[in-house]
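Novice: sequence? don't have it. structure:
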């Protein structure tokens, strides 16, 4: 099956700093990538949808200047949490979607990145 | 997207079948039912999906009622490794360009020895 990786898997940073999380589709080209966040004991919340070469579409209530998304290639998307604060501590999960030959959109999830802001 | 309702938690004895229900009474004609699971501190894992027919794969079976307003995910012989949160998601046709996977609260399944 297709593999989606995230780096780093875990990061601890000081309040006020910015953190970049990478999401890569290892053996396929992703038409679309998605970013989710998940608080403890809660479900995944979709943050934004990004397509290669175009601006990301953010869900309502998600600050685009706070969570910068760059989708520079068909295999790489990055999420930068700018000026991170303790309330940004969360589990961030990316997902990559690929369009198969039969026009079926298949979606795969990364293993997640645990961000802790001190 | 249609919303889903699932029990918050369920227990299952190891080796027995786990039957996880999902209510999606507002599902529309071109929406599919997807099931994912998330083991603690990992990304979601795809299990199975269907439109109106029952489906089976190496992981599970999906039973969709004739009116499509509810479905049941069946893990035929649950193991301790099946302990996870199971999400039932209704989404637009995967054959369209659009459509997002929106997660509800899911069912926390605990498989006990």
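Specialist: Sure thing, it's come through. A quick note: this is a predicted structure, and the numbers were derived from the prediction, not measured.
Novice: now the closest residue to chain B within chain A, which residues is it bridged with?
Specialist: Across chain A, no residue is closer to chain B than residue A:109, which sits at 3.8 Å (Cβ to the nearest Cβ). From N, CA and C alone the C-beta is placed, and that goes for glycine too. Following DSSP bridges, residue A:109 is listed with bridge partners residue A:95.
Novice: residue contacts, the residue in chain B that chain A sits nearest to?
Specialist: For chain B, the residue closest to chain A is residue B:43, as judged by Cβ to the nearest Cβ, at 3.8 Å. Taking Cβ atoms under 8 Å, 6 or more residues apart in numbering or on different chains, we find residue B:43 in contact with A:4, A:93, A:95, A:109-112.
Novice: same check on residue A:36?
Specialist: Residue A:36 makes contacts with A:44-47, A:92-95, B:103, as judged by Cβ under 8 Å, 6+ apart.
Novice: of these, which is the nearest to residue B:16?
Specialist: residue B:103 (26.6 Å; Cβ to Cβ).
Novice: now do the strands in chain B.
Specialist: B:9-13, B:18-23, B:31-38, B:45-50, B:55-56, B:61-64, B:70-75, B:84-92, B:107-112 (DSSP state E).
Novice: now the ones you listed in JSON lines, with mean neighbour count?
Specialist: What follows is these, written out as JSON lines (neighbours: other Cβ atoms under 10 Å in any protein chain shown):
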{"stretch": "strand B:9-13", "mean neighbour count": "14"}
{"stretch": "strand B:18-23", "mean neighbour count": "20"}
{"stretch": "strand B:31-38", "mean neighbour count": "22"}
{"stretch": "strand B:45-50", "mean neighbour count": "18"}
{"stretch": "strand B:55-56", "mean neighbour count": "15"}
{"stretch": "strand B:61-64", "mean neighbour count": "19"}
{"stretch": "strand B:70-75", "mean neighbour count": "20"}
{"stretch": "strand B:84-92", "mean neighbour count": "22"}
{"stretch": "strand B:107-112", "mean neighbour count": "18"}
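Novice: with that, I have no additional questions.
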